[in-house]
Structures are given as C-alpha cells and as structure tokens.
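Q: The following comprises the amino acid sequence and a computationally predicted model.
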Amino acid sequence: MSLPVTPAAAERTKPPASAIILGLLAALAASGPISTDLYLPSLPRLRVLLGASVSEAQLTLSLFLAGFAVGGLIYGPLSDRFGRRPVMLAGMIIYILGSIACALAPSIEILIIARFIQALGGSAGISLSRAMIRDLYGPLGAARALAVIGAAMALAPMIGPILGGAVEAQFGWRANFVLLIFFGLLCLSGIWFLLAETNHRLNPLATRPRTLVMNYLTLLKQPHFRAYAAMVTCCYGGLFAFISGSSYVLMDVLKLTPAAYGICFSIVVTGYIFGTLISIRLGKRLGIAGMIGLGATAALSGSLVMVFIAWSLHLEGLWGVAAIVFPMMFYTAGVGMMLPNSQAGAIAPFPHMAGTASSLLSFTQMTGAALFGVLLGHLYDGTARPMASALALMGVACFGIWLYRLRHPGPITPSDIS
C-alpha cells in the first residue's frame, strides 16, 4: 500500500532538470548581462561618434534596465496565465527586433529607444528563467540551481567585454549589436526546439487587473519578501554602479584600451564566479540567511576598501587599476553569494504565483539599478569617487538589511500565501 504524496512532498521530490535545459535557462537569463557587457568597451567611443554627453550615453544603460523592469511586470503574470514557453518565445522575438534597431540606430536618441525595446523583450529571459527554476526544482533546490546558473551566467560578463572590445576595434560598435541579433536567434531556436512548458498550474485569473494588484499587494505585505527584494536591489545596485561607471573610470581616467578594459572586467567577474561556487558548496550547510550574511560581509569589505582608496589617494597607472579591480572582486564575490540566495528566498514561498513574484523581484531590482545609474551619470566628475561611493553605499545597505531583517525573518503563515 503506497502512501499519498502531499503537495509539500511533491515539491521536495521534483526531478532535476537536464544539464541542457539548465544551460538554455542560463543563456536566457544571461540576455541581460551579455546585452550590457558586450558593448561596454564601446561606450566612450560610441558617445563621441554619436555626439552624446556622458549622461546621455548612460541612458543607454539605465533605460535598458527600465525596459527590463517594465517587461518583468508584464511577463510574469502572463506566464502564470498562459504558460512560460509561449511568453518566453514572444519576449525573445521582441528582443531580436530591438537588437536590429540598435544596430541601425542613427542617433543617441534612437539608440536609447531601441535599447529599451531590446530590454523589454530580453526581460522575459531573466524573469521567467527564475520562475522555471522554481517550477522544476521546488523551494529547496531553487537556491542551488540558481547558483549553478549564476556561475554559468558569469561567463557572459567575462567573455562579453573582451569580445566586445575586439569586435569594436575591428568592425565598430554596431557589430556588437549584430552579435546580439545572432544570440537572440540561437535562444529563440533553443526555446522552440528544447524547452517544454514547466507551469502546470495555470491561473486563469492571473492577468486580471484586480488579481494582479492583489497578488502584488500580497507579496509586498510580506516582510520576508520585502527584505529579500531589498537585498537583491541593493546588491545589484552596487554591481550596476561598477558596470555603468567602470568604462569611464578605467578607460577615460586610467587610460586603458578597450581590450585591456575587457580583461580587467573579466578579472572582476572571477569574484562573482568564486562567490557562486561558494554558494553551491556551502549553501546546504549555512542555509539562505547564512550565505547572504557571508556575501554581505565580503561586499561590505571590498566596497569600503575601494571608497577609502578613491577618496584618500590619487589613482594612476597600474596601481590605480588594481585599486579598482581587486576590491571590486570582493564585492562581486559577495554578490555571487547574496543574489541567488535572495532570489530563491523571495520566490520560494509562492509556488502558485512564482511568475508574479519573480516579475516583482525583477522590477524592484532593475528599477533601483536604473535610477542609480541615472544619478551616477549626473554625478560623474572625471574621477573614481562617485562610483566608489555608490558601491560603498550599497555595501553598507546590504550588510544593514541582513543584520536588521534576514537574520531574524518573520514567519509566513499559510493564510498569507494561499
């Protein structure tokens, strides 16, 4: 006589996804990093060729994140209603069209709009891949699976700036967007031929305005969700401060070539890989809160070292490059531990609306980073101080959130998430 399988037991016994599917989900989730990092070495040159100011060039990054934020709010509920696969296909088609518009943009204004469209489509990949991980692995395995994907995704920012710098030097900045068109076509083919539907609990009410508002309010009422969302937003905000400011600091201030900048950026990314590997190795032993605490400590340490050096010493030559790159490695190692665990902790309690929870999480993450990027663009003064100060602010915020809330999480009752 067999015992009945309860929903909770079913969540614990979900079979693991194949390595091919994990690889595809990693590529889809990497649509954001690769679309940003590939053209970073071209940003100073692009600004000159299109006759744009630093703040205008920064909008190609900040509005890109805004597109991700808006798209995330749309795709999650749609995927809860119609399924992940068809929504992912639609998003990738929009991403490809946006990439074509970027490659053909005749002015900075058109490029900014095209980047928004590109992000609007690409946000389906990053927000729905997390929901699919929740569908496939359940709450207990999601943090580990997200850490595995995070380690694989780190290849994008490692390879992206090096490849982007080489392509820009040989063919110009537009060629990088041509590469993104081909990347989008490969992802579209992967979704069509390899990706099966993972949402088997379709909610016909998920896209009704009243239901959407109530679902978002339900999530926002949870101190548990708010704490994890704040952690995701702050740790990514510091990372974006480096992404948006490093090309100017390392290339304009410290006079690195695009190729050298790509190498330095890749060195920084090794910190993120190291952090995700630590998360995979120690995640079960330390738990989500323990891993976040370890990551917050690493991020705080690196950011405080960088801001101290930036404000107290004159940065120049190899010494100046090292003073930026190596402290940033500590910060990105912390992000590698904080980000996947915070994402999993935020989404895990909401199996019936994982897409909506993932969308709201993406919205807060990308909106915060976009606003941060706009502010940083206006504060840029030709030194590393604004970037280092922004990084330190986010490092302190991450550590404070962990101390204040994540070490003492409030319970989530069944009535809260039913």
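A: Nice, I can see it. Numbering: from 1, shown residues only.
Q: Look up how far residue 324 lies from residue 294.
A: Relative to residue 324, residue 294 is positioned 23 Å away (CB to CB, to the nearest Å). The way it works is simple: take the backbone N, C-alpha and C, and place the C-beta from them, glycine included.
Q: ditto for residue 22
A: Distance of residue 22 to residue 324, given as CB to CB: 33 Å.
Q: These two: which is more packed in?
A: residue 324 (25 against 20; other CB atoms under 10 Å).
Q: quick one: which helix or strand includes that one?
A: If you go by DSSP states H and E, residue 324 is part of helix 317-347.
Q: Name the residues of that helix that are buried.
A: 320-321, 323-325, 327-347 (16 or more other CB atoms under 10 Å).
Q: Ok, stretch 237-257 next?
A: Going by neighbour count (16+ other CB under 10 Å), the buried part of stretch 237-257 is 237-251, 254, 256.
Q: go on, stretch 168-188?
A: 168, 173-181, 183-184, 187-188.
Q: Look up how far residue 33 lies from the residue nearest to residue 168 when sequence neighbours are not counted.
A: Excluding the flanking residues, the one nearest residue 168 by CB to CB, 6 or more residues apart in numbering is residue 42, at 4.4 Å. For residue 42, the distance to residue 33 (CB to CB) stands at 16 Å.
Q: next one: residue 234
A: 18 Å.
Q: quick one: which of those two has more around it?
A: Between residue 234 and residue 33, residue 234 has the larger neighbour count (other CB under 10 Å), namely 27 against 20.
Q: The more buried one - nearest residue in space that isn't next to it in sequence?
A: Nearest to residue 234 is residue 397, by CB to CB, 6+ apart, at 4.3 Å.
Q: Helix, strand or coil: sort out that neighbour for me.
A: Assigned with DSSP: H, G, I helix; E, B strand; the rest coil, residue 397 falls in the helix class.
Q: same deal with residue 315?
A: Residue 315 ends up coil, using three-state DSSP.
Q: Going forward, count from 168.
A: Okay, using 168 as the starting number, the last item reads as residue 482.
Q: what's the burial count for it?
A: With other CB under 10 Å as criterion, residue 482 counts 19.
Q: Might one say that it is in contact with residue 476?
A: Yes. Counting by CB atoms under 8 Å, residue 482 touches residue 476, with 7.4 Å between them.
Q: Now for those two: what residues contact both?
A: Counting by CB atoms under 8 Å, 6 or more residues apart in numbering, the shared contacts of residue 482 and residue 476 are residue 490.
Q: Which residue ranges of the stretch 368-517 of the chain form helices?
A: In the stretch 368-517 of the chain, helices defined by DSSP state H, counting those that start in this stretch lie at 376-387, 390-414, 425-479, 484-514, listed in chain order.
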